[in-house]
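# just the structure for this:
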Amino acid sequence: MHIFANQTQRLLGMETQRSLWEAIERIRIKSELDLLLLTGNISGDGSYASYETVNNLITPLKIPTYWLVGDCDRDRIMEDCLNTGMFSQRKVFERGGWHFILLNSCVVGSSYGFLSAQTLDWLEQHLIQATPKPTLIALHHPPFPIGSDWLDTSCLQNSEEFLAVLDRHHHVKLVLFGHIHQEYHRHRQGVDYLGTPSTCVQFQPQSSTFKLDHRFPGFRLLQLYPDGTWKTQVERIPVFRDSNIAIAHR
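Residues are numbered from 1 along each chain as shown. Sure thing, here's the model as predicted:
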């Protein structure tokens, strides 16, 4: 989302609050939505005001909302602000016959991800407890390279350890992640890994260097069934960014 304290501030030419508002308006007309999952980088500047804005925009939907920390976020501020009304800090819960586990993959001061030994042990224990319920895991960082050289430097740094845990638990069906600002799908050993477009700017897939994509902002809809099967689709919102700007990426 990359929302800022300044409500008209732009990220690479896109007014992020406006694009989020347009996504919310699209979500508003959907029926029977059970929950929203925000996969990190909710704020673009880590400010309390940015999280207040998100709270004010999403709460009127009256849909239970869960969130992850992203590398641009400030977890303590999020805990203070996104903990009332429809927002929940819970990282383990059940809904519709599925078990949900939300992981913090962020490293303070870094853009890449890492799961500590304590987090991996915590994950293992909750996966044991969830057996045999179909399980969805979410984290901010992609758990392996996605084929974009510049983005792959900031993926999960200990992917092998994470995947080794999942390989021991065959009831894991889905892993969701953010960070990459693009649609992505990979199937590995019975598990589907899904990346989702940002509600603001999009990064071009399979790009060796930083490059924005022309695709519109979007979000992913998921239908989860008690037998462990699922369906998904990505919806795009026609919001344009101002392309008449100079972009410097370091």
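
# the strands in this protein, which residues?
Using DSSP state E, the strands found in the chain span residues 10-11, 14-15, 36-38, 65-67, 87-88, 92-95, 98-102, 135-139, 172-177, 184-188, 191-195, 218-224, 230-236.

# surely residue 141 touches residue 152?
No: contact criterion Cβ atoms under 8 Å: residue 141 and residue 152 do not qualify, at 10.8 Å. For the C-beta atoms, the positions are set from N, CA and C on the backbone; glycine is no exception.

# the two - which one has more neighbours?
residue 141 (29 against 15; other Cβ atoms under 10 Å).

# so what's the more buried one closest to, chain neighbours aside?
Closest residue to residue 141 apart from its sequence neighbours, by Cβ to Cβ, 6 or more residues apart in numbering: residue 113 at 2.9 Å.

# for residue 138, same thing?
Leaving aside its chain neighbours, residue 138 sits nearest to residue 176 (4.3 Å; criterion: Cβ to Cβ, 6+ apart).

# what does residue 30 give?
residue 221 (7.4 Å).

# okay, residue 29 and residue 61: tell me how far apart.
Relative to residue 61, residue 29 is positioned 11 Å away (Cβ to Cβ, to the nearest Å).

# who has more neighbours out of those two?
Comparing residue 29 with residue 61 by other Cβ under 10 Å, the one with more neighbours is residue 61, at 15 against 6.

# how near is that one to residue 240?
Following Cβ to Cβ, the distance that separates residue 61 from residue 240 is 24 Å.

# please apply the same query to residue 130.
Residue 130 is 43 Å from residue 240, by Cβ to Cβ.

# so these two - more neighbours on which side?
The residue with more neighbours, out of residue 130 and residue 240, is residue 130; 19 against 11, by other Cβ under 10 Å.

# enumerate every residue touching the closest residue to the more buried one other than its chain neighbours.
Sequence neighbours aside, residue 99 is the residue nearest to residue 130 in space, at 3.9 Å (criterion: Cβ to Cβ, 6+ apart). Applying Cβ atoms under 8 Å, 6 or more residues apart in numbering to residue 99 gives the contacts 92, 126, 130, 133, 134, 135, 136, 171.

# what is the nearest of the residues you listed to residue 120?
Among these, residue 126 lies closest to residue 120 (Cβ to Cβ), at 11.0 Å.

# that closest one and residue 101 touch, don't they?
Yes: in this structure, residue 126 is within contact of residue 101 by Cβ under 8 Å, at 5.4 Å.

# shaky segments in the protein?
241-250 (pLDDT under 70).

# which residue is nearest the middle of it?
The residue lying closest to the centre of the chain (Cα atoms, centre = their mean) is residue 39, at 2.0 Å.

# any idea how far it lies from residue 189?
Counting by Cβ to Cβ, the gap from residue 39 to residue 189 is 22 Å.

# again with residue 136
Residue 136 is 16 Å from residue 189, where distance means Cβ to Cβ.

# and the two? Which one has more around it.
Each of residue 136 and residue 189 has its neighbours counted (other Cβ under 10 Å); residue 136 has more, 20 against 9.

# which outside residues touch stretch 118-135?
Stretch 118-135 has contacts (Cβ under 8 Å, 6+ apart) with 92, 94, 97-101, 103-104, 115, 137, 161-162, 165, 168-169, 171-174, 224, 226-228.

# just how off-centre is that stretch within its chain?
20 Å (Cα atoms, centre = their mean, to the nearest Å).

# please apply the same query to stretch 107-117.
That offset, for stretch 107-117, works out to 15 Å (Cα atoms, centre = their mean).
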